[in-house]
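Q: got a predicted model here, sequence first, then my questions.
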Amino acid sequence: MTANEKVDVLIVGAGASGAAVAWSLAETKMRILCLEQGDWIKSTEFPTNGRDWEARRYTDFAISPNHRGRDTDYPVNDDASIMKVANFNGVGGGTVIYTAHWPRMHPSDFKVKSLDGVADDWPVDYWALEKFFEENDRMMGVSGLAGDPGVPPRHPPMPPIPMGKTGTKYAQAMNKLGWHWWPSDTTIATREYEGRAACINLGHCTPGCAQGAKASTDLTYWPLAIRAGVELRTRCRVREITTGPDGMATGVVYYDAQGVEQFQPAEVVIVACNGVGTPRLLLNSASGKFPNGLANSSDQVGRNLMMHPWPIVSGYVEDMVDGGRGPITCMWSKEFYETDPKRDFVRGYTLQLGRGTGPATQAIVGAAAGHLPWGRDHHRAYLELLDHRVGIGVACDDLPEAHNRVTIDPVLKDSNGIPAPRVDYTIGENTRRMMEHGIARATEILAAAGAKRIHTSRTELNYPGHLLGTARMGKDPERSVVNEWGRSHDVKNLFIVDGSVFVTGGGVNPTSTIQALALYIADQMKQRLANLFD
Amino acid sequence: MMTDDELRDLRDIAGTMIPANAGRNLPGADDPAIQADIVKTVGRDLPRVKEAIAAIAAKSDGTFASLDVDRREALINEYFAGKSAPAATLGRVILGAYYRDDRVLTALGWEPRAPFPKGFTVEQGDWSLLDAVRNRPQLWRDDR
Ligand SMILES: Cc1cc2nc3c(=O)[nH]c(=O)nc-3n(C[C@H](O)[C@H](O)[C@H](O)COP(=O)(O)OP(=O)(O)OC[C@H]3O[C@@H](n4cnc5c(N)ncnc54)[C@H](O)[C@@H]3O)c2cc1C
Ligand code: SF4
């Protein structure tokens, strides 16, 4: 095995959180190295460059690593999970193929036990993270509109994305119902921003933005971190974190681009592999001293997986709307976000009001929903769908349950022979009730907008790629994996900064909060550099 | 690779699923250019597409092409209603190639081009509608 020169800080994973933490720590002038299993993705590789742009969503830009099957992906056995894993493995991680919708978790999300009597409170609150949310919004470049009564104050540096015809339709419907709506925050640049071009409404933001208007961390944090001295090595897949006789992490073993096994020694190891990759790595790092996996004396590593069930309710209006042009999600509603004792569930959800799709995708989803017959009637039916679609996502809060978990599959391995993760996940009763409530409200909105052929696609079809909770934070070492500032309770030079540290899921897309937390943890580390391991 | 028999069956199936419509200036999915596109790009979907072709052939006792159009359409719609993975793949592959054909896009009012680099225009919409929301009381719970 080749041994490398020791670094001060080794980060595993160059996604949303790994990038933020690398940038933040760079000012310490420590020697920082990040190992990432994937590649840099060039904007010329994204589907909207070519005529096959819609089809590639099902092949090399599929959201499931199992379907995508790049050699930089690792397989996931999610057969026993009602929701499938969606991710991207490369510089930027999930932000390369995310939809760039940018809500923050609410203050109440951090206090679910004391406010609603369920799950656990977080060991940090919204207000401790507030300045990091703001810093992250500036770094990622957020477009939005201040003054939303639905969320705490925030200051998006760019104006919101256009409402368009679709948004106007929703707004009229929401006002008719008297329900809250607001243009969504998004990390899509609406004007030139820090070297990023303004959005030109390609409309296919999720599988990568050829224009470079969407913020992914390969465009935002990484160039700055690298300029500040951080080294990023791609095509390096970490197999395990090694430990010494004192129980401290000594570094990692990884396979380089040629498949050669390497040892990388480090003073501090930071794991940023997401809610599936992180427990996989910790469990694969079991040793004589840590027989149940590293940092797992609590038996919480891999447990409490939260994936955000996400029904989508769609319909078709008579007027032509925006179709698949423009950023997909144009507004949110917080009308049903906070707990209401009159409902049969606690917690709540965000409604995400979205635009339509491109021509091929419209045909595919129309056929799947049974709205598009085959044969001579096909064309008539299709013309009633294309550019007439409206669709609402119900982003449900997800509470932790110990049996929803990531373990190591006994058989499946990646291309380096590293055991792959297995995911077991079911939807809890509270969430099911919440889903039905949200589906009913979304249906009312579409009806108020004059939509016909209303169709609900329940969770089984919609995988938002939110992977949370599998190495949760907490003050009690018997019930949590990392402490209130991200350090492992068991291994004092091991930190976790990705979505796996979430205590509860919130009813929002998580990345704004993941990155704010990563910046917060980096800040805590910087403040404690002299006694980081005490 | 598809065999000649499979290629012929694929053409017959696709032409039944999406027939030409002269009134709307739309080719059928059995059009040679669209068929060539399917064959060129089927890639990793080939095994499932072959499975679907075989299943439809079996369902019609190998007589699909000779059935009258009503029976062909009924058979296809019945096969797709089963929602099997091969059916979904065959549908996606045919729709993917059909709805990127220049003639089809033009007939639908879409420019036949990739979205990048020209992009599209999306109007701002009616922002005055937001006035109804601006002065609502705070909805989020303040825990402080
Ligand atoms: C299709 C889709 C749409 C989404 N839309 C949104 C959205 O609109 N808004 C939102 O907030 N969120 C969205 N998300 C979620 C968002 O992408 C994730 O929340 C976010 O990227 C998670 O950040 P992370 O740092 O936890 O991990 P990731 O960003 O997933 O980064 C983990 C990185 O670690 C690397 N890695 C893992 N294991 C190893 C190993 N053993 N060795 C080396 N490297 C390794 C991976 O390759 C990856 O690059 C979406 C996700 C998907 C898939
Ligand atoms: S809509 Fe804007 S952000 Fe989305 S892909 Fe197009 S240019 Fe990029």
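A: Looks like it came in fine. Ligands and ions are numbered 1, 2, ... in the order given.
Q: next, the residue minimising distance to the centre of chain B: secondary structure please.
A: Per C-alpha atoms, centre = their mean, the C-alpha nearest to the average position across chain B is that of B:Leu95, at 1.9 Å. Taken by DSSP: H, G, I helix; E, B strand; the rest coil, the conformation at B:Leu95 corresponds to helix.
Q: gap between stretch A:82-95 and the chain center?
A: 8 Å (C-alpha atoms, centre = their mean, to the nearest Å).
Q: count of neighbours near residue 7?
A: Reading this off chain A. Neighbours of A:Val7 under the rule other C-beta atoms under 10 Å in any protein chain shown: 20. Placement of C-beta: from N, CA and C, glycine included.
Q: think we crossed wires, I meant chain B
A: 15.
Q: give me the pLDDT value at it.
A: With respect to pLDDT, B:Leu7 scores 97.
Q: leaving out chain neighbours, which residue sits closest to it?
A: Using C-beta to C-beta, 6 or more residues apart in numbering or on different chains and skipping the chain neighbours, the partner closest in space to B:Leu7 is B:Val39 (7.1 Å).
Q: wait, what's in contact with the residue of chain B found nearest ligand 2?
A: Residue nearest to ligand 2 within chain B (C-beta to the nearest ligand atom): B:Gly119, separated by 6.3 Å. Counting by C-beta atoms under 8 Å, 6 or more residues apart in numbering or on different chains, B:Gly119 touches A:200-202, A:211.
Q: those: which two are farthest apart?
A: A:Asn201 and A:Gln211 (9.2 Å; C-beta to C-beta).
Q: burial count for residue 135?
A: Defaulting to chain A. With other C-beta under 10 Å as criterion, A:Glu135 counts 17.
Q: wrong chain, I was asking about chain B
A: By other C-beta under 10 Å, 8 other residues sit near B:Asn135.
Q: got it, and the one 4 residues further on?
A: Using other C-beta under 10 Å as the criterion, B:Leu139 is surrounded by 17 other residues.
Q: and the closest residue to it other than its chain neighbours, which of the three is it?
A: Distances taken as C-beta to C-beta, 6+ apart place A:Gly150 nearest to B:Leu139, at 4.7 Å, with adjacent residues excluded. Here A:Gly150 is recorded as coil under three-state DSSP.
Q: and for the one 4 residues further on?
A: For A:Arg154, the assignment made with three-state DSSP gives coil.
Q: wait, it touches A:Asn136, no?
A: No. Look at A:Arg154 against A:Asn136 with C-beta atoms under 8 Å: they stay out of range, at 10.7 Å.
Q: more neighbours: which of the two?
A: A:Asn136 (29 against 20).
Q: isn't the more buried one right next to A:Ala20, touching?
A: Yes. Between A:Asn136 and A:Ala20 there is a contact under C-beta under 8 Å: 6.7 Å.
Q: which neighbours do those two have in common?
A: A:515, A:519.
Q: does stretch A:33-43 come close to ligand 1?
A: Yes. Using C-beta under 6 Å from any ligand atom, stretch A:33-43 reaches ligand 1 at A:35-38.
Q: which parts of the stretch 201-350 of chain A are helices?
A: Per DSSP state H, counting those that start in this stretch, the stretch 201-350 of chain A carries helices over the ranges A:221-227, A:274-284.
Q: what does the stretch 1-150 of chain A put close to ligand 2?
A: Going by C-beta under 6 Å from any ligand atom, none of the residues of the stretch 1-150 of chain A are near ligand 2.
Q: recalculate using a threshold of 8 Å.
A: A:48, A:100 (C-beta under 8 Å from any ligand atom).
Q: any stretches of chain B with poor pLDDT?
A: For chain B, no stretch is flagged by pLDDT under 70.
Q: residue ranges of the helices in chain B, please?
A: Taking DSSP state H as the test, the helices found in chain B are B:4-17, B:32-41, B:46-59, B:69-81, B:85-98, B:102-108, B:131-134.
Q: what sits against the residue nearest to A:Asp125 when sequence neighbours are not counted?
A: Spatial nearest neighbour of A:Asp125, excluding adjacent residues (C-beta to C-beta, 6+ apart): A:Phe110 at 4.8 Å. Neighbour list for A:Phe110: A:121-122, A:124-126, A:503-504, B:143 [criterion: C-beta under 8 Å, 6+ apart].
Q: are any of these buried, and which?
A: By neighbour count, with 16 or more other C-beta atoms under 10 Å in any protein chain shown, those hold A:121-122, A:124, A:126, A:503-504, B:143 as buried.
Q: can you tell me how far A:Gly50 is from B:Ile38?
A: 16 Å (C-beta to C-beta, to the nearest Å).
Q: can you check B:Ala114 too?
A: With distances taken as C-beta to C-beta, B:Ala114 is found 19 Å from B:Ile38.
Q: these two - which one has more neighbours?
A: Under the criterion of other C-beta under 10 Å, the comparison of B:Ala114 against B:Ile38 puts B:Ile38 first, with 23 against 18.
Q: count the residues that sit near the nearest residue to that one once chain neighbours are set aside.
A: Excluding the flanking residues, the one nearest B:Ile38 by C-beta to C-beta, 6+ apart is B:Ala97, at 4.6 Å. B:Ala97 has 26 neighbouring residues, counting by other C-beta under 10 Å.
Q: okay but B:Ala97 is in contact with B:Asp37, surely?
A: Yes. With contact defined as C-beta under 8 Å, B:Ala97 and B:Asp37 form a contacting pair (4.3 Å).
Q: and the residue lying closest to B:Gly28 once chain neighbours are set aside, how many neighbours?
A: If the residues on either side of it in the chain are set aside, B:Gly28 comes closest to B:Ala20, at 3.7 Å by C-beta to C-beta, 6+ apart. Residues within reach of B:Ala20, counting by other C-beta under 10 Å, total 15.
Q: what of A:Ala518?
A: 32.
Q: I'd say it and A:Gly15 touch.
A: No. Contact status for A:Ala518 versus A:Gly15: not in contact, 10.0 Å apart, counting by C-beta under 8 Å.
Q: quick one: common contacting residues for these two?
A: Common contact partners of A:Ala518 and A:Gly15 (C-beta under 8 Å, 6+ apart): A:272, A:498.
Q: if we can go back for a sec, export the contacts of B:Gly119 to JSON lines and tack on distance to chain B and pLDDT?
A: As requested, the contacts of B:Gly119 are exported to JSON lines (distance: C-beta to the nearest C-beta, whole Å; pLDDT from 0 to 100):
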{"residue": "A:Ile200", "distance to chain B": "3", "pLDDT": "95"}
{"residue": "A:Asn201", "distance to chain B": "4", "pLDDT": "92"}
{"residue": "A:Leu202", "distance to chain B": "4", "pLDDT": "88"}
{"residue": "A:Gln211", "distance to chain B": "6", "pLDDT": "94"}
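Q: many thanks, we can stop here.
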